[in-house]
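Undergrad: Provided below for reference: sequence and predicted model.
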Amino acid sequence: MTSTVEASPADIGQPRRRKEDARLLMGETEWTDNIQLPGTLHMAFLRSSIAHAKILRIDTSAAKLAEGVVHVYTGADFPGQAGSTCVWPVTADIVMTHYPAICTDEVRYGGDVVAVVLATERYLAADALDLIDVDYETLPAVVDMEEALKEGSPLVHESAGTNRCYTHKMPCGDYEAAKAKADVVVSRRFINQRLIPSPMEPRAVVAAPQGMADEITLWTSTQIPHILRVLLALLTGIPENQIRVVAPDVGGGFGGKLQISREEVLAVILAKRLGRPIKWSETRSENMVAMHHGRDQIQDIEIAATKDGKLLGMKVDLLADMGAYLQIITPGTPLLGMFMYSGIYKMDALDFTCTGVYTNKTTTDAYRGAGRPESTFAIERIMDELAAELGMEPMELRKLNWVNHEDFPYTNVAGLTYDTGNYEAATERALELFGYDELRAEQAARRASGDTVQLGIGISTFTEMCGLAPSRTLGALNYVAGGWEHCTLRVLPTGKVELITGTSPHGQGHATAWSQIAADVIGVPFEDIEVIYGDTGRSPYGMDTYGSRSLAVGGQAIKVAGERLVEKARIIAAHQLEVSPDDIEFNKGVYSVKGDPEKSNTIQGIAFAAFTAHNLPPDVEPMLHGEATVDPLDFSYPHGTHLAAMEVDTETGKVTLRKYVAVDDCGVQINPMIVEGQVHGGLAQGIAQAMYEGALYDNEGNLLTASMGDYLLPSSADLPSFITDRTITPSTTHPLGTKGIGEAGAIASTPAIINGVVDAIRHLGVNDVLMPASPQNVWRAIQAAQNGGAA
Amino acid sequence: MIPSAFDYVRATTVDEAVAALVAGGDDVKVISGGQSLIPVLRLRLSHPSLIVDVSKIDEMRTIVDEGSSLLIGAAVTTDALIKDARVQADVPLLAMTAATVADPAIRHRGTFGGSCAHADPAGDLPTVAQALDAEFVIAGSGGRRTVAARDFFVDYFTTAVGPDEVLVAVRVPKLGAGWGANYQKFQRTAQAWAIVGVAASVKTEGGIITGARIALTNMGATPIRASSVETALTGGPATTEAIKAASASAADGTRPTSDTHAQAEFRSHLARVHTARAVAKAAGI
């Protein structure tokens, strides 16, 4: 959208440059690894190179004698100590398992920790790892989910007696009845491959006995300082009121830092035990095996429709790879998509089943979108396959089935109520920007001429649910925490403002956007607002940042806190101006008497009066602040239409993204430039799943893509200039009218790309390609089709 | 990851470098731009006791026009190959191939000699050396010797350079007028290694191909000359059909590996396709 600064006097809606960026660009940052405390011991982890093995013996004697080494620990030193925990037991009969801080008798994935070294220097700690001798007895590795569920399969956790973690069913409507009425039923198996989140900054921790009395401070590169503090207290036994967690500058997370890790737990325990600072900075190689992974589902999808293309119902049967253990929301992650399999479409029935499976691989958990990219991929891919089966233009099939804008609020087949949306408007704008008809004509010409390079058009008309979530809804889903958010606003005696938020940014630009909201609500200059976050010592209440919740939930708290502050100041202003509060007008930070604007005071002036407290109304306490802890009314439902023009070299299988149009609708935009950044980053990650990324394991459970030479992340050189725009359909469940935008790009783009690739070569007999759509995967799909029969 | 400890010497002359290598024993590595060695050290795949830095040796940083060839110092950066006017004019295949290597940051540090001496079969610059019959000038305690490209590349990450020797320069012949050049690099992302690469220099006269030099990247342990394609092309018409037919034998005699990006069978297919494309482009079709 073209934003015009002069069009709106309000701060909300301005494409302000980010407050954070000058500092970030000039290297004036405080990454955890930059923190240097006297007397620090550097922590290093000996990780199993075998996916599944018994530990027969560990000899640490040589390492203990090595230069600089102060301690070497094994699992025997921490009997029963958990290194992580799961807060989302999704079913009553879920098989929960213990995640050891250090393995004692068995390792369960390549990267599992068997010993910990503490040394006076980081390099010496790394050297000492080479001196630890471990005897393993290799056990058969559980790698394939379907094999894992068969009778007689080796077991990841012998004591569990099964690799099935849980089976969750959610039947909505009567799918069999819907299917019985269908003229057409299309079934597909989609593989939503395993991904490695790969933030720019790997993880890092510093734990130190520092601060008041027995307090331990943990600096950690995390998305969730507040939640982490609670969990650390529960896991370590250190009282919660003696733990302070600080997330300093955090270089990206994408869900990978929505976690409680054994590295954090051990750092805190050891800092407490030894009374010295403990530090660990993860290497990239370590990050690729030891930080949790994302996605990894086998999706059996069936959709039933009439011959005219009217959707009747959908059946979803998932296998979701948990990896070796359950961490914070491992089992719940695939279920975050279960309400969204019908996408933007009307249908009578949705039969959802998900089975979580243990394997000897790195644990999976949230990764940008978490469950919703998978559901969106399934519905948007199957819509294209249904269109092909029916001989319909895929966009026409979508139009026939989507919820029209006049039908909102609309309750989908899974029971969620989409507050607002306008799929027609977003689609119309996207088609216009894309040049849809011209590209269809070019596609036909290339097919007719038998061009080596074929052209395809990929469509994704998506919605998603974010802004997790009303606390009672989370409770109903067996999630062990709430979904509220907190804000405190203080106008200080000098007129400067502190905005304390419970959200914990790691690249999103909260300091800028939150200042814009507060500037409008309490009428102070944007520049005068300091946003404080990511430190349980300074910002005690919060539920942190993930799931596109920060603005969708935290933004509400800013507005309410600001309104409460304004109301308190109004009472003080009325008292000082000797009128009733009802006779006071508030406009852009100035309180004035109605009809007598000369009699006025500024909010800064009132803040000073509230500080001196010399002349306050009888029932008003000193200081000017407002607080709010807000539980959202509902999820947030952004949507949009994305279109991709894909070129496929039919000789080599090479796929090129030629043109990408993203028209998103996230309601009211606080800062369109930040929205634009979120869209671009999300697109890059979703496109990367479709074209480049994929964690591969061999049959022994070794991660084959354990470096960036094998696990390919695209750079700007691999991506075209995105064409973006926004339609604005304000949310009616959010007081600012906003919707989440942090994950939309990643959710929408993956199916758009794959639909485009398949569309380019469907005439060759191809009806699916494995992700990533690497040259080899595409070439094989073409070869297989030409040798008789599609995938 | 984190390298283990090593000693470091910065040499200012080739003789100094050789002396340091001899004194250092078996466990010595030469470094210049470090774009191959430093990752190897960080992953602890190698534990040298001494590293000899040759990046500041003037002789190794210069390009000398010898008339019929360019003598390119081993420590000349990949970026310099792209920008040097003599390389552009006389060995265009090298300049255009250098431009496909990794990204600008790596090209400003990584060197021609380092790429050849590291001898990663997925490296691009060794393929050009192989295609153009370059010569490698190697210095050791016994003086200097010259090794032809076909003898220089021995095996995976193995060259004719001995443990106490240093690669000083690469002599690249000028092909002269009438030759066209092209490098086809097939990769998944802009910064990735070649899955397969094909370097081709082709001379055409009156619609007939009168000379062809073709070598393949990542189709075996070393860069491989596609001799049968060269023979099949030479004397034939410079047409798409003839080039395609000649390129059908591009993978013959190669031994490509299988990895996460491509199985050997797919690499062989890609070698045929890209040989035809490289030759056609070099021939101006």
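TA: Yep, it's here.
Undergrad: run through chain A and note the low-pLDDT ranges.
TA: A:1-9, A:789-791 (pLDDT under 70).
Undergrad: flag every residue of it that's near chain B.
TA: Residues of chain A lying close to chain B (CB under 8 Å from any CB of the partner chain) are A:122-123, A:126-127, A:130, A:283, A:285-286, A:651-652, A:654, A:692, A:696, A:704-705, A:709-710, A:712-715, A:717-718, A:774-776, A:779-780. Yep, even glycine has a C-beta here, placed from its N, CA and C like the rest.
Undergrad: tell me the SS of the residue of chain B found nearest chain A?
TA: Proximity to chain A, evaluated over chain B using CB to the nearest CB, is greatest for residue B:190 at 3.6 Å. Following DSSP: H, G, I helix; E, B strand; the rest coil, residue B:190 is assigned to coil.
Undergrad: returning to what we had before: next step: the residues of chain A next to chain B restricted to helices.
TA: Residues of these located in helices (DSSP state H): A:122, A:123, A:126, A:127, A:285, A:286, A:775, A:776, A:779, A:780.
Undergrad: can I get those in a markdown table including neighbour count?
TA: What follows is those, written out as a markdown table (neighbours: other CB atoms under 10 Å in any protein chain shown):
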| residue | neighbour count |
| --- | --- |
| A:122 | 18 |
| A:123 | 16 |
| A:126 | 19 |
| A:127 | 23 |
| A:285 | 18 |
| A:286 | 20 |
| A:775 | 23 |
| A:776 | 23 |
| A:779 | 22 |
| A:780 | 18 |
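Undergrad: closest one of the residues you listed to residue A:425?
TA: Nearest to residue A:425 among those: residue A:775, at 37.5 Å, using CB to CB.
Undergrad: now do the same contact list for that closest one.
TA: Each residue near residue A:775 by CB atoms under 8 Å, 6 or more residues apart in numbering or on different chains is listed here: A:649, A:652, A:653, A:654, A:655, B:186, B:188, B:195, B:262, B:266, B:270.
Undergrad: let me have those in a markdown table, extended by distance to residue B:180.
TA: Shown next, in a markdown table, are the contacts of residue A:775 (distance: CB to CB, whole Å):
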| residue | distance to residue B:180 |
| --- | --- |
| A:649 | 23 |
| A:652 | 22 |
| A:653 | 27 |
| A:654 | 23 |
| A:655 | 29 |
| B:186 | 20 |
| B:188 | 27 |
| B:195 | 24 |
| B:262 | 28 |
| B:266 | 28 |
| B:270 | 22 |
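Undergrad: where does residue B:2 land on pLDDT?
TA: Reported pLDDT at residue B:2 in the predicted model: 85.
Undergrad: so what's the residue count around it?
TA: 17 (other CB atoms under 10 Å in any protein chain shown).
Undergrad: measure residue A:372 to chain B for me?
TA: 26 Å (CB to the nearest CB, to the nearest Å).
Undergrad: quick check: that residue touching residue A:463?
TA: No - using CB atoms under 8 Å, residue A:372 is not in contact with residue A:463, being 9.3 Å away.
Undergrad: identify the contacts common to the two.
TA: Contacts common to residue A:372 and residue A:463, judged by CB under 8 Å, 6+ apart, are residue A:340.
Undergrad: once you drop chain neighbours, what's closest to the closest residue to chain B within chain A?
TA: Nearest to chain B in chain A, going by CB to the nearest CB, is residue A:717, at a distance of 3.6 Å. Among residues not flanking residue A:717 along the chain, residue B:190 sits closest, at 3.6 Å (CB to CB, 6 or more residues apart in numbering or on different chains).
Undergrad: break the chain down into its structural domains.
TA: Just going to use chain A. Chain A resolves into domains spanning A:32-139+A:202-250+A:257-290, A:294-468+A:634-786, A:484-630 when parsed by automatic domain parsing.
Undergrad: try chain B instead
TA: With automatic domain parsing as the reference, chain B has domains B:7-53, B:58-173, B:179-282.
Undergrad: for residue A:17, find the nearest of those domains.
TA: Nearest to residue A:17, of all those, is domain B:58-173, at 26.5 Å by CB to CB.
Undergrad: chain center to the longest helix that chain A contains, what's the gap?
TA: Scanning chain A for the helix with the most residues, using DSSP H, yields helix A:555-577. Per CA atoms, centre = their mean, to the nearest Å, the displacement of helix A:555-577 from the mean C-alpha position of its chain is 34 Å.
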